[in-house]
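S.K.: Have a look; sequence and predicted model below, questions after that.
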Amino acid sequence: MSLPFDPIDEAARQWGNHWDGVPAMHAVTSLMRVQQLVIGRLDALLRPHGLTFARYEALVLLVFSSRGSLPLGKMGERLQVHPTSVTSIVRRLESAGLVTRRPHPEDGRAVLAEITEAGRAVVEAATKDLIGADFALGALSDDQLATLSELLTPVRHAAGDF
């Protein structure tokens, strides 16, 4: 459903009648709306593979690891999510046969998530679909994508993201 006007522009106009900070309000509202749109599209692309974007990210992280496995705590750090979220993601991936959980061989308190061959196959197929859909950012050129990443880096840095 497409509106005949930009609701974020209208919200910014109304905001300006009451408060300062219109440029920041407009930018953050645009950013949050785009995040909703992109996640919705990515999840739709991943649904036929039995994945959400969060589960896809976890599988990709395991693919990138040297042994195909990582402790759950390390996964949480790298994915920047709460430990309970990692546990939930890994449980769902395990139920789907895409990862296995096993005790850490050197740390009895830790649990490893290890990607299965089925998990690797799903990552390959899902990645092909995501690349084919330009990760839901096909409306932007490569130069615009680079600019977008560059613009967001200081915000991430200031928040302690890295």
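M.R.: Looks like it came in fine.

S.K.: could you give me the average pLDDT of the helix ranked longest in the chain?
M.R.: Longest helix in the chain by number of residues (criterion: DSSP state H): helix 22-46. If you average the pLDDT over helix 22-46, you get 98.

S.K.: Could you do stretch 57-76 as well?
M.R.: pLDDT averaged over stretch 57-76 gives 97.

S.K.: list the buried ones in it?
M.R.: Residues of stretch 57-76 classed as buried by neighbour count (16 or more other C-beta atoms under 10 Å): 57-59, 61-62, 65, 68-72, 74-76. Any C-beta I mention is one placed from the backbone N, CA and C, and that applies to glycine too.

S.K.: among the residues you listed, which are in helices?
M.R.: 57, 58, 59, 61, 62, 72, 74, 75, 76.

S.K.: which one among those gets closest to residue 97?
M.R.: Residue 97 lies nearest to residue 59 out of those, by C-beta to C-beta, at 12.0 Å.

S.K.: Look up how far residue 72 lies from the closest residue in space to the closest one that isn't next to it in sequence.
M.R.: Excluding its sequence neighbours, the residue lying closest to residue 59 (C-beta to C-beta, 6 or more residues apart in numbering) is residue 123, at 4.9 Å. Per C-beta to C-beta, to the nearest Å, residue 123 is found 19 Å from residue 72.

S.K.: How about residue 8?
M.R.: As judged by C-beta to C-beta, residue 8 and residue 72 stand 38 Å apart.

S.K.: same check, this time on residue 6
M.R.: 43 Å.

S.K.: Report how many residues lie close to residue 126.
M.R.: Residue 126 has 22 neighbouring residues, counting by other C-beta atoms under 10 Å.
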